[in-house]
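A.B. asks: Structure of the sequence below:
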Amino acid sequence: MRNADAGVAVRPAVCAGSWYPGQAGPLRAAVDEYLAGGQPIDGRVRAVVSPHAGLRYSGLIAGHAYAAVSRQHYDVVVLVGPSHFHAFDGVSMWGHGSFATPLGALMVDEGLGADLRAATSIVRGSGVAHEREHSLELQLPFLAHLFPDVPILPLLIGHQEPATHTALATALVGVLRGREPLLVASSDLSHYQDRETASRLDAVVVQHVDRNDADGLQASLLSDPSHACGGGPIVAVMRAARGLGATGARILRYGDSGDVTGDTRQVVGYMSAALGEFAA
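C.D. replies: Numbering: from 1, shown residues only. Have a look, this model is predicted:
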C-alpha cells in the first residue's frame, strides 16, 4: 500500500477473513443472503444509512439498505464514515487508486476527489486514517456485489464538529450536481448498553432520521454523542441528500447485536435507512 497522496494506491481489505468472509464465494453467498431480507424501493434513493459492525452481527440490517438501491443506477458512491483510530479535524479522503475487496477492486473517483478538495478546505487527502478503518470497508462487500463498476469516494470524519458536517454537505452538493450519486452514511448506534437502554438511546436517532430532521439529530448528538458512533456522517449525508433533492426518509430496519448473539445485557444498536424521493 502507498499513501493515497503519492499516486496510484491500493487500500487492502484489512477486515476480510475476520469481519466478513475473506473468499469471494462465501462472501458473495453471505451478501446475497443479507440482501434477500430487504426489498427494492420505488422512487429515487439519494442516500442510505448502513451499520458497520462485522457482517455476522449487522449484515441483515445493512442488507435492507442495499436491497433498497439494488435496482437503481448510480455513477459514483460517496462513503462517509467516522474515524475510529485517528483523531483529526475535518475530513480525510482517500483520493486515488482503489479499495480491494474479495469480490474485486472498487476504483476511486479521482476527479470527484480533486473537485471536492478544491471546493472546501476541510477535506484533506490522506491515507493514514483509512489504513485500519472498518467503517467504510464494511460497506464494500455490498457495493462490489451490486455496483462493481461504479467508482467510490471514501471520506472519514475526524472530530465530530457541526461546522464540519455542514461544510462537507455543502461541498458535496456543489460537486455532485449533474451526477447520479449514492451517498452512504456508515454508523452504528449506541454501544454496550443493556437492550432497554440501547433502545431508548437509539430511538432518538431513528426518529430524527425518519423525520428527515438533520438539525434535530445534530442537536441531540451535541447533547449526548453516545447515540451513534457515526452520528456526524449521518447528519452530513442527510444534509447533502436534501440538497440533492431528497424529500423523504424511510427507516428500513432496526435491531441490535443481541438479535444474533442472544445476549441482551450489552448490545450494539444498528439501523438502516433510505433518503430520497419516494412514491406515495
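A.B. asks: got the contact list for residue 56?
C.D. replies: By Cβ atoms under 8 Å, 6 or more residues apart in numbering, residue 56 lies in contact with residue 260. Yep, even glycine has a C-beta here, placed from its N, CA and C like the rest.
A.B. asks: Can you give me the distance of it to residue 50?
C.D. replies: 15 Å (Cβ to Cβ, to the nearest Å).
A.B. asks: now swap in residue 261 and tell me
C.D. replies: Counting by Cβ to Cβ - residue 261 and residue 50 are separated by 20 Å.
A.B. asks: Quickly run through the sheet partners of the longest strand seen in the chain, with directions.
C.D. replies: Longest strand in the chain, counting residues (DSSP state E): strand 267-278. Strand 267-278 has the following strand partners under DSSP bridges: strand 43-50 (antiparallel), strand 191-193 (antiparallel), strand 248-256 (antiparallel).
A.B. asks: Which parts of this structure are helices?
C.D. replies: Assigned by DSSP state H, the helices in the chain fall at 24-35, 55-68, 110-119, 140-146, 162-176, 195-210, 214-223, 231-243, 258-261.
A.B. asks: Quick check: which ranges of the stretch 151-280 of the chain have low pLDDT?
C.D. replies: 280 (pLDDT under 70).
A.B. asks: again, only using 80
C.D. replies: For the stretch 151-280 of the chain, residues meeting the criterion pLDDT under 80 lie at 226, 230, 279-280.
A.B. asks: Format the strands paired with strand 267-278 as a markdown table; extra columns: distance to residue 159 and mean neighbour count.
C.D. replies: Below are the strands paired with strand 267-278 laid out as a markdown table (distance: least, Cβ to Cβ, whole Å; neighbours: other Cβ atoms under 10 Å):
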| stretch | distance to residue 159 | mean neighbour count |
| --- | --- | --- |
| strand 43-50 | 21 | 25 |
| strand 191-193 | 18 | 16 |
| strand 248-256 | 26 | 20 |
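A.B. asks: Out of those, flag the one nearest residue 113.
C.D. replies: strand 43-50 (18.8 Å; Cβ to Cβ).
A.B. asks: okay, the angle between the closest one and helix 55-68?
C.D. replies: Orientation check (axes from the mean of the first three to the mean of the last three Cα atoms, to 10 degrees): strand 43-50 against helix 55-68 gives 170 degrees.
A.B. asks: Identify all contacting residues around strand 43-50.
C.D. replies: Here strand 43-50 has contacts from 61-62, 65-66, 68-69, 72, 139, 142, 181-187, 209, 234, 237-238, 240-241, 244-246, 271-279, using Cβ under 8 Å, 6+ apart.
A.B. asks: how far out from the middle of the chain is stretch 78-85?
C.D. replies: Taking Cα atoms, centre = their mean, to the nearest Å, one finds the center of stretch 78-85 at 7 Å from the center of the full chain.
A.B. asks: Kindly report the same for stretch 30-50.
C.D. replies: 13 Å.
A.B. asks: Could you list the buried residues of the longest strand of the chain?
C.D. replies: Under the neighbour-count criterion of 16 or more other Cβ atoms under 10 Å, strand 267-278 has 267-276, 278 buried.
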